[in-house]
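Peer 1: got a sequence here, can you build the structure:
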Amino acid sequence: MNPLMDKTVAIIVAAGKGQRAGGERAKQWCDLNGRPVIEWSIETFQTHAAIDDVIIVVGSDAPENFTPSGCRLASGGETRTQSVRNGLNAIEAPSDSTIVLIHDAARPGLTHTLIDDLLHALTSHVAAAPALPVQDALKRQQGTELASVSREALYRVQTPQAFRFGAITRALNAAEDDLVDDLAAVERQGTEVKLVKGSDRLHKITYPEDFDMVSRMMAPQLASPRIGKGFDVHAFEPGDHVILCGVKIPHPAKLKGHSDADAAWHALTDAILGAAALGDIGDHFPPSDDRWKDADSGLFLKEAQNLVSKRGYAIGNCDITVICEAPKVKPHREAMRQRTAELLGLPLDAISVKATTTEALGFTGRREGIAAEAVVTLVPTSGA
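Peer 2: Here you go, the predicted structure:
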């Protein structure tokens, strides 16, 4: 922390049960675009230059392995307000001017820009929050009658809500135990609150259908899917079987190659590497390297998957075509699909294996070898 700047602490409240979301686990621990809901907010706070500390308030249902690096944990209370008090009590050596941002774990769409806006608001106020004006028509129902309610000066208030430590602690100490939000406490003290522009991305996940809506709003952060194509050829040499997609198929010849010559998996490996612009199989596993002599081509395929994972991509699906007159692939096709799915950790319906001939034309038609091609899609798992 810059000694000339006020200390800034983020508190993420994650002790709620989230029962209205309908899942077996509380919503903050459920998956959203490939990661738990809460991790989106943790990352945003931790990567913001002004945030000095992140405190996460959790309940007894938090996953046992939840130990986020660089964060401190506080125990939740019986109500949200009690949980916030516990988070405030966990701040190390606060002063009255310490800045506190209190955020709901169920709002994953937090951005650095919004944090900047809140911090700027606290240069002239002791409390600030993001808000959006109400756009829909409002009605109040009394019995069977409906009456219109003016939308003028009505707002949907979001989190994080930002405060000077002295103002929020004094307000919460004077408040009851279960407020609608933290602003309610300072409002009752007559404190002027600065509202900054909120965002639809900050929509709170409350009901099951909110997951899909928030997922789609978060999706623009992700890179576009990618497509890769691979092709491989191996000649026959004396032997008694060929290996295709990790499956040993009886045949009066084997495929010639430095590794096990699995043309189908070689083509798929090249497709994966190509989709991520990571070169080709020869760049990573050159035949001049004795480490790969007689190697299981599954090693190549798995390494290609690991490489694209580090780039923020996962394999969506693949389509492999084997080109040969013999052996017959169809009797072994399901085993080839199953083996590929198991190795890559993908559902079976994400793996397609087909076979065709060249109608006795060319080297495959003359039964001199086997060719294979593969097409793969990579889908983003983070801001790749």
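Peer 1: am I right that residue 319 is in a strand?
Peer 2: Yes. Secondary structure of residue 319 (DSSP: H, G, I helix; E, B strand; the rest coil): part of a strand.
Peer 1: how close does the residue most central in space within the chain sit to residue 50?
Peer 2: The geometric centre of the chain, computed from its C-alpha atoms, lies nearest to residue 34 (CA atoms, centre = their mean), at 3.2 Å. With the distance defined as CB to CB, to the nearest Å, residue 34 ends up 27 Å from residue 50. For every residue, glycine as well, the C-beta is placed using N, CA and C.
Peer 1: again, but for residue 201
Peer 2: As for residue 201, its distance to residue 50 is 20 Å (criterion: CB to CB).
Peer 1: surely residue 96 meets residue 164?
Peer 2: Yes. Proximity of residue 96 to residue 164 meets the contact threshold set by CB atoms under 8 Å, at 6.5 Å.
Peer 1: quick one: which of the two has more around it?
Peer 2: Between residue 96 and residue 164, counted using other CB atoms under 10 Å, residue 164 has the larger neighbour count: 23 against 12.
Peer 1: OK, contacts around the more buried one?
Peer 2: 96, 97, 98, 99, 100, 122, 126, 127 (CB atoms under 8 Å, 6 or more residues apart in numbering).
Peer 1: helix/strand/coil for the first one?
Peer 2: I take that to be residue 96. In three-state terms, and counting by three-state DSSP, residue 96 is coil.
Peer 1: pLDDT score for it?
Peer 2: What the model reports as pLDDT for residue 96 is 95.
Peer 1: that one: what's it in contact with?
Peer 2: 164, 165, 166, 167.
Peer 1: next, count neighbours for the last one.
Peer 2: What that stands for is residue 167. By the other CB under 10 Å criterion, the neighbourhood of residue 167 contains 20 residues.
Peer 1: what's the spacing between the residue nearest to residue 238 when sequence neighbours are not counted and residue 323?
Peer 2: Nearest residue to residue 238, sequence neighbours excluded (CB to CB, 6 or more residues apart in numbering): residue 253, at 6.5 Å. Plainly put, residue 253 is 16 Å away from residue 323 if you go by CB to CB.
Peer 1: more crowded one of the two?
Peer 2: Regarding residue 253 and residue 323, a neighbour count based on other CB under 10 Å identifies residue 323 as having more, with 22 against 19.
Peer 1: contact partners of stretch 52-67?
Peer 2: By CB under 8 Å, 6+ apart, the surrounding residues in contact with stretch 52-67 are 1, 7-17, 25-26, 29, 38, 42, 45-46, 68, 70-76, 83-84, 86-87, 90-92, 105.
Peer 1: can you pull up the bridge partners for residue 54?
Peer 2: When bridges are taken as DSSP bridges, the partners of residue 54 come out as residue 10.
Peer 1: how many neighbours does it have?
Peer 2: Here the number of neighbours of residue 54 (other CB under 10 Å) works out to 21.
Peer 1: same question for the one 3 residues further on.
Peer 2: Burial of residue 57 is recorded as 27 neighbouring residues (other CB under 10 Å).
Peer 1: any idea whether it is helix, strand or coil?
Peer 2: Relying on three-state DSSP, one would call residue 57 strand.
Peer 1: next one, pLDDT for it please.
Peer 2: As summarised for this prediction, residue 57 has a pLDDT of 97.
Peer 1: what ranges does this structure have for its helices?
Peer 2: In the chain, the helices defined using DSSP state H lie at 37-46, 80-89, 112-121, 165-173, 183-187, 208-218, 263-275, 281-284, 297-310, 333-344, 362-365.
Peer 1: of the ones you listed, flag the one that's most buried.
Peer 2: Comparing the helices of the chain on average neighbours per residue, with mean count of other CB atoms under 10 Å, the densest one is helix 263-275 at a mean of 28.
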